[in-house]
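>>> got a predicted structure plus its sequence, pasted below:
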Amino acid sequence: MVSNKYFTKDILREANNAAIREKRNKAIKKEAIEELGEEDVFPIIFKIYHNTTDEIRVMIRIGEFSPLLDMSQLRYDSLPTFISNKNGELILEEEESFLARRPYPNKREWQEVSILKPLRRQNPFRNKILELYNNQCAICNITNSTVLRAAHIWPVSDGGKEEVQNGICLCVIHEVAYDANLFEITDEGYIILNTDDDLKIDYFKIRPPLEKDAYPSAFNIIKRKEYFDKKKK
């Protein structure tokens with residue numbers, strides 16, 4: 001999903017320090033941030049929400065590089081925004097405006113109390129989905145359980161349930177792509193790409209679960225489409 005938020009060097013340093021301190025999965029090398037220009041701005045060009053860890057992962061445009069950074073929804077919401085005029089120039093939000101959204105406006109940095117990161121190996125939903133898909137990604141040949149995930153079809157954050165008809169076994173790469181709606185799965189199991197990128201899709205249709213009753217339901221697939229249609233508006 002495209003974002004209209006950006007970082008300054010100070011805000012990026014702060015968010016990155018928080019990601020390291022909070023032991024999030026994606027952070028940027030501190031030295032790389034210190035080499036950035038003081039007056040430059042760094043737009044977020046892509047973001048996804050991970051409901052399993054309740055955090056936002058963003059991709060940032062920094063020159064020719066596009067590093068990833070994880071943060072809480074609260075921190076993401078506090079970031080400044082921009083709009084583009086007819087000439088393609090960025091019009092940045094006033095500092096006073098975005099500082100007012102911070103949970104502690106008078107402090108330059110805050111530390112969040114807790115990070116909810118469920119242990120996947122103890123997650124009954126994940127265990128059941130991996131079992132139903134015979135410990136293999138439904139759209140590629142990866143069978144290493146350490147990189148397999150139980151992806152939700154209709155996101156839990158939008159009302160989806162942790163039921164087997166709302167889950168599908170995907171490797172980490174395809175889970176991230178699915179969360180970003182880079183591909184869809186029809187109610188007949190066909191895989192439809194929404195991007196020109198090479199996602200290494202090994203099949204035209206998903207590998208079905210071992211039990212017929214566990215097949216992704218048409219209802220959950222429709223609700224997922226409605227969810228992403230709303231996100232586009």
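Arrived safely, thanks for sending. Residues are numbered from 1 along each chain as shown.
>>> got a list of contacts for the longest helix along the chain?
Criterion DSSP state H: the longest helix present in the chain is helix 218-232. By CB atoms under 8 Å, 6 or more residues apart in numbering, the residues outside helix 218-232 that reach it are 1, 153-155, 158-160, 165-166, 181, 184-187. C-beta: built from backbone N, CA, C; applies to glycine.
>>> check stretch 25-43 too.
With CB under 8 Å, 6+ apart, stretch 25-43 has contacts from 3-9, 12-13, 16-17, 19-20, 53, 57, 60-62, 67-70, 82, 90, 92.
>>> likewise stretch 150-168?
49, 51, 123, 125-126, 128-130, 132-133, 138, 169-170, 174-175, 178-179, 185, 206, 209, 211, 213-217, 219-221, 223-224, 227.
>>> just the strands in this structure please.
6-8, 41-50, 55-60, 68-71, 82-84, 90-92, 148-152, 167-171, 183-185, 191-193 (DSSP state E).
>>> the longest one pairs with which strands, and in what direction?
When sheet partners are counted by DSSP bridges, strand 41-50 sits next to strand 6-8 (antiparallel), strand 55-60 (antiparallel).
>>> the fifth one too?
Partner strands for strand 82-84, per DSSP bridges, with pairing direction: strand 90-92 (antiparallel).
>>> and the partner strand, how far from the chain's centre?
25 Å (CA atoms, centre = their mean, to the nearest Å).
>>> next one: stretch 145-162
Worked out by CA atoms, centre = their mean, stretch 145-162 lies 12 Å from the chain centre.
>>> what about that stretch, start to end distance?
End-to-end distance for stretch 145-162: 19 Å, by CA to CA, to the nearest Å.
>>> what would the contacts of helix 218-232 look like in JSON lines with distance to residue 196, neighbour count and pLDDT?
Shown next, in JSON lines, are the contacts of helix 218-232 (distance: CB to CB, whole Å; neighbours: other CB atoms under 10 Å; pLDDT from 0 to 100):
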{"residue": "1", "distance to residue 196": "17", "neighbour count": "14", "pLDDT": "44"}
{"residue": "153", "distance to residue 196": "24", "neighbour count": "22", "pLDDT": "95"}
{"residue": "154", "distance to residue 196": "26", "neighbour count": "24", "pLDDT": "92"}
{"residue": "155", "distance to residue 196": "25", "neighbour count": "17", "pLDDT": "88"}
{"residue": "158", "distance to residue 196": "27", "neighbour count": "15", "pLDDT": "85"}
{"residue": "159", "distance to residue 196": "31", "neighbour count": "9", "pLDDT": "88"}
{"residue": "160", "distance to residue 196": "28", "neighbour count": "18", "pLDDT": "89"}
{"residue": "165", "distance to residue 196": "31", "neighbour count": "18", "pLDDT": "95"}
{"residue": "166", "distance to residue 196": "29", "neighbour count": "24", "pLDDT": "94"}
{"residue": "181", "distance to residue 196": "14", "neighbour count": "17", "pLDDT": "88"}
{"residue": "184", "distance to residue 196": "15", "neighbour count": "15", "pLDDT": "92"}
{"residue": "185", "distance to residue 196": "19", "neighbour count": "21", "pLDDT": "94"}
{"residue": "186", "distance to residue 196": "20", "neighbour count": "14", "pLDDT": "92"}
{"residue": "187", "distance to residue 196": "25", "neighbour count": "13", "pLDDT": "88"}
